[in-house]
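1. take this sequence and fold it.
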Amino acid sequence: MMTRAALGGIWVYKTWLSPHKGYRCAYARVRGGPGCSGFAKQAIKQHGLRGAWSLIIARLQFCRDAAMSLNNPDPADEANRTQRKKRWYDQCYCGGCDIPFCGGGGKSWGGDCTPDCSPSCL
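-> Reported below is the predicted structural model:
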């Protein structure tokens, strides 16, 4: 009876609460696979409520740790992410006339193909 009640509670959560919370399970976001509620549902079906309880508690602790890592990213990862966000057109080009623009960020060359290598561009 308790197993059915637990599965019913998971169904209510997945049907009525989860779609409105606006974010995905942190563990599933970091590691992939089902979210914590999906994991709990499968664990209860396979092991019963009593057998799945320790598995569910461990998974929720891992999920909490994953959420902490998402909220406090590693500085090295943050630097890599910032570097990837830079686009080619935001860079300064200080080369010759083989590229049809001599400045970055929407600047155009005036026909004399003078590269824009001013200190503000670098």
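
2. counting neighbours, what do you get for Ile57?
-> Ile57: 11 surrounding residues under other Cβ atoms under 10 Å. Yep, even glycine has a C-beta here, placed from its N, CA and C like the rest.

3. now it: how far from Ser18?
-> To Ser18, Ile57 is 20 Å away according to Cβ to Cβ, to the nearest Å.

4. now swap in Asn72 and tell me
-> With distances taken as Cβ to Cβ, Asn72 is found 24 Å from Ser18.

5. mean confidence for the helix ranked longest in the chain?
-> In the chain, with assignment by DSSP state H, the single longest helix is helix 36-71. For helix 36-71, mean pLDDT is 94.

6. same check on stretch 15-33?
-> Mean pLDDT, computed over stretch 15-33, is 88.

7. buried sites along it?
-> Applying a neighbour-count criterion of 16 or more other Cβ atoms under 10 Å, one finds Ser18, Cys25, Ala26, Tyr27, Ala28 buried in stretch 15-33.
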